[in-house]
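Just to be clear, the model below is a prediction. Sequence and coordinates:
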Amino acid sequence: MHRFELWAPFARQIAVEADGATYEMEGPDEQGWWVAELDNAGPGTNYGFIVDDDGTYCPDPRSLWQPEGVSGLSRLYDHAAFQWTDAGFQPAPLPAAIVYELHIGTFTPPGTFDAAIDKLDHLVELGVTHVELMPVASFDGEFGWGYDGAELFAVHEPYGGPDALKRFVNAAHGKGLAVLLDVVYNHFGPVGNYTGRFGPYLTKSHRTPWGEAVNLEGAWSHQVRRFFCDNALMWMSDFHIDGLRIDAVHAFVDRSAIHFLEQLAQETASLASVLGRHLVLIAESNLNDPRIVTPRESGGLGIDAQWSDDFQRSLFAVLDSGPRMGYYADFGSLRQLAKAIEKTFVYDGIYSQYHRRSHGRSAAHLSQHRFLGYIQNHDQVGNRAIGDRISQIAGMDRAKIAAALVLTAPFVPMLFQGEEWAASTPFQYFADHKNSELARSVAEGRRREFAAFGWDPRMISDPARRETFERSKLSWLEVTESDHFEMLDWYRRLIRLRQSTPALKDGEPGNTLVSFDESTGALCMRRGDVKVICNLGKSGFSLHLGTEDQLLLCSRGNAAERVDGLDLAPDTVAVVRVSPVGAGDHSD
């Protein structure tokens, strides 16, 4: 027996088609819900809904399984049937985390959850604590980034479907790894979204870059919010996911007394108390608004952390010698990088040329553990013309400097798949749109976007071509090759140093000091008894070391160590533990 439920407040009649037979549903009740109880339906039953006299079925907006894709029949799925073995698992606290973002389809050659399980030992040996999956909700086509999900409760079938995701999470927990999941609540994908046939999930009052905005504040918005909150709670309860990364929260338009994010934070906290397991919410936002990660008790929205774009952009802009286009036009000085490290937001209420307005608000009072720091993520790699990585853009030596700053800065560090061995494979934008007109429109849109960054449109790969997807898959054979293995060893040593050094785990505001010299390219970050000295200039300089100072790491083996110091060549970074009385260095 199964009780079918559907929210469709404006429908005149609803029928459910289950395994070829059609049954009328009762409703709607005062909240717009329709129900039907069928004795002959259960796990494995294929079904769809017929609205009014349309004559064709639509999949369930809350479908847990779409084995034939987003436009196929839904299939009943029993969450209770999976046998979990992760009882008692607790994720590491986020302030102690090393986050690793990956895309299931390109992380391994097969591109499945089960294949990814075989690579978990690599992440454990690297020192990763949290694996962050790019979206896995069901989307149209075989391959894509996942940000055009249409069936948000179902797991993308080409990755292996719902049981395979559970196997992955179960295996990760067995190795001590937490799992975070990227979710998209600001829009639906262009194909396979049938919510408009059922109710006002979207509103014409506001628009986003992807079309009409999600209805978070208008009539019936309480049911729309319930849809997204239930989705979030499902991932964390039924799939044992340890937290969510919420895509582009700046696209939410919500003037309700209780903002959607605050509601989600409150319900997540309640679920955590029921489960007895730590759960976290991480936002992506371009607003530079500290209220997103300010606790609810202090008048904020209560999200645990957010990505720190200002740190990424200021670091990338000083490492890349090329022209600064798009949002990178706002960055490029060591002064800005120093401010990002010390104060989190560079644009904290000052004028932004890119935005053409004053942008942001100070976050200097907040723990810097409320922000994730990185040199590249899926956007910063994939939204480049050829999907190249920092090691290809700035060179291996500067990529090592980037790694050192990411892994010793006061933020929670995040790596992107393959970064740790300077993977040569690109990560490009790909989307398997079967509709030729949509595919053409997406390709043209990408070319227009890249034009803003000064790239030749002829360099842009067609997102719909399978070759674009296939070339973005990691080549694991590289891991043992000389330059790649050297980079991997550098990352492992940096992560071990961070995890074993109390000063590098301190995220309290004001405890990180940065000095710099724009003329020489010298930058020194001081964190307790640890100094990170970077030479980003064109000439070497001498770094004085006290008699009790200790050189912990140096990125280039040709740096000449002397009795009283170190000669730091261009494009080199050194990490030093200083004696209590301190020690001078060139960047001071």
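Right, received. Where do you want to start? Numbers count the residues shown, from 1 in each chain.

could you list every residue that touches the nearest residue to Pro61 once chain neighbours are set aside?
Nearest residue to Pro61, sequence neighbours excluded (Cβ to Cβ, 6 or more residues apart in numbering): Thr195, at 5.1 Å. No exception for glycine: its C-beta is placed from N, CA and C like everyone else's. Contacts here follow Cβ atoms under 8 Å, 6 or more residues apart in numbering; on that basis Thr195 touches 61, 188, 201-202.

got a winner among the residues you listed for most neighbours?
The most crowded member of the contacts of Thr195, judged by other Cβ atoms under 10 Å, is Phe188 (27 neighbours).

residue boundaries of the helices in the protein?
If DSSP state H is used as the criterion, the helices of the chain fall at 104-107, 113-117, 120-126, 161-174, 221-238, 260-275, 309-319, 334-343, 378-382, 390-393, 396-408, 436-451, 466-470, 482-500.

Look at Glu449 and report its pLDDT.
As predicted, Glu449 sits at a pLDDT of 70.

where's it relative to Glu470, distance?
23 Å (Cβ to Cβ, to the nearest Å).

tally of neighbours for Thr294?
18.

again but with Gln90, I slipped
Count around Gln90 with other Cβ under 10 Å applied: 12.

cool, the one 4 residues further on as well?
By the criterion of other Cβ under 10 Å, Leu94 has 23 neighbours.

again with the one 4 residues further on
By other Cβ under 10 Å, 21 other residues sit near Ile98.

show me the contacts for it.
126-130, 407, 413, 415, 495, 498-499.

which of the residues you listed are buried?
Neighbour-count burial (16 or more other Cβ atoms under 10 Å) applied to the contacts of Ile98 gives 126-130, 407, 413, 415, 495, 498.

tell me which helix or strand of this protein sits lowest on mean pLDDT?
Within the chain, no helix or strand scores below strand 560-561, which has a mean of 58 by mean pLDDT, DSSP states H and E.

that older thread, and which of the buried ones among the contacts of Ile98 is nearest Glu481?
Comparing those against Glu481 with Cβ to Cβ places Leu126 closest, at 16.8 Å.

hmm, back to that, mean pLDDT for the helices of the chain: which is lowest?
When I compare these, helix 436-451 is least confident, with a mean of 74.

contact partners of that helix?
Contacts for helix 436-451 (Cβ under 8 Å, 6+ apart): 190-191, 383, 385, 429, 431, 433, 457, 459-460, 462-464.

Need the buried ones from those residues selected in ChimeraX.
Selection of buried members from the contacts of helix 436-451 for ChimeraX, criterion 16+ other Cβ under 10 Å:
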select :190,191,383,385,429,431,433,460,462,463,464
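
can you redo the contacts of Ile98 as a markdown table with distance to Thr106?
Shown next, in a markdown table, are the contacts of Ile98 (distance: Cβ to Cβ, whole Å):
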| residue | distance to Thr106 |
| --- | --- |
| Leu126 | 18 |
| Gly127 | 22 |
| Val128 | 17 |
| Thr129 | 22 |
| His130 | 19 |
| Leu407 | 24 |
| Pro413 | 22 |
| Leu415 | 15 |
| Ile495 | 23 |
| Arg498 | 27 |
| Gln499 | 28 |
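
Now stretch 184-196 - C-alpha only, CSV.
Extracted in CSV, the C-alpha atoms of stretch 184-196 (Å, rounded to 0.1, in the frame of the first residue of the first chain):
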residue,chain,number,x,y,z
VAL,A,184,20.2,24.5,-5.9
TYR,A,185,17.2,26.2,-4.5
ASN,A,186,17.2,29.4,-6.6
HIS,A,187,15.9,28.0,-9.9
PHE,A,188,15.0,24.8,-11.7
GLY,A,189,16.6,23.4,-14.8
PRO,A,190,15.1,24.3,-18.2
VAL,A,191,14.1,20.8,-19.1
GLY,A,192,12.1,18.4,-16.9
ASN,A,193,10.7,20.9,-14.5
TYR,A,194,6.9,20.3,-14.3
THR,A,195,6.3,22.2,-11.0
GLY,A,196,4.5,24.9,-12.9
